[in-house]
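K.L.:
Sharing a sequence plus its predicted fold:
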Amino acid sequence: MEQPTAMNTLSQILEKLRLKGKDNELKMSDHGKMQSKSLGKIYKPEDLTIVKTYRFEGDSDPADNSVLYLLEDQDKNIGYILDAYGIYSDNDGPSFDDFLKKIPTENRDEQELFS
């Protein structure tokens, strides 16, 4: 029986999402909501659930620090938000953090998400 391969890097997880057709990136729009261009949807926090969070820390460069949030919308579509943290964040101001804090969280197993 084949052992599952651990996903330890950001690129491994993003590739797995791509292969499963779940590579829908959500980005903060100008109007303070999350937008998925690939799905053509705009979300409020209550439209999403964070189902898994990954934190990556670079060994030598603080610019390598990032967080990947896997989210599910009300139609069961999986997407993700990728953000560097600290001063390297792509999202200026408090609106991004405020939006994330309002999204409910339901931790799920990787096997469930990637099956």
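P.N.:
Good, I have the coordinates.
K.L.:
Give me the buried positions along the lengthiest helix in the chain.
P.N.:
Among the elements of type helix in the chain, defined by DSSP state H, the one spanning the most residues is helix 10-19. By neighbour count, with 16 or more other Cβ atoms under 10 Å as the criterion, the buried positions of helix 10-19 are 13, 14, 16, 17. In this view, the C-beta of every residue, glycine as well, is placed from N, C-alpha and C.
K.L.:
Just flag the most distant two among those residues.
P.N.:
For the buried residues of helix 10-19, the maximum inter-member distance is 7.3 Å, found between 14 and 16 (Cβ to Cβ).
K.L.:
for the chain, which spans come out with low pLDDT?
P.N.:
Residue ranges of the chain with pLDDT under 70: 1-7, 58-64, 86-92, 111-112, 115.
K.L.:
ranges for the helices of it?
P.N.:
Under the criterion DSSP H, helices of the chain are mapped to 10-19, 95-102, 110-114.
K.L.:
Quick one, which of the ones you listed gets closest to residue 79.
P.N.:
Checking those against residue 79 by Cβ to Cβ gives helix 10-19 as the closest, at 8.8 Å.
K.L.:
Which neighbouring elements make contact with the closest one?
P.N.:
Using 3 or more Cβ pairs under 8 Å, 6 or more residues apart in numbering; DSSP states H and E as the contact criterion, the elements in contact with helix 10-19 are strand 48-56, strand 66-73, strand 78-84.
K.L.:
mind putting those in CSV, distance to residue 28 and mean neighbour count included?
P.N.:
Output for the helices and strands packed on helix 10-19, formatted as CSV (distance: least, Cβ to Cβ, whole Å; neighbours: other Cβ atoms under 10 Å):
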stretch, distance to residue 28, mean neighbour count
strand 48-56, 13, 17
strand 66-73, 12, 19
strand 78-84, 8, 19
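K.L.:
what would these look like in JSON lines with distance to residue 103?
P.N.:
Output for the helices and strands packed on helix 10-19, formatted as JSON lines (distance: least, Cβ to Cβ, whole Å):
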{"stretch": "strand 48-56", "distance to residue 103": "5"}
{"stretch": "strand 66-73", "distance to residue 103": "7"}
{"stretch": "strand 78-84", "distance to residue 103": "9"}
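K.L.:
Thank you, goodbye.
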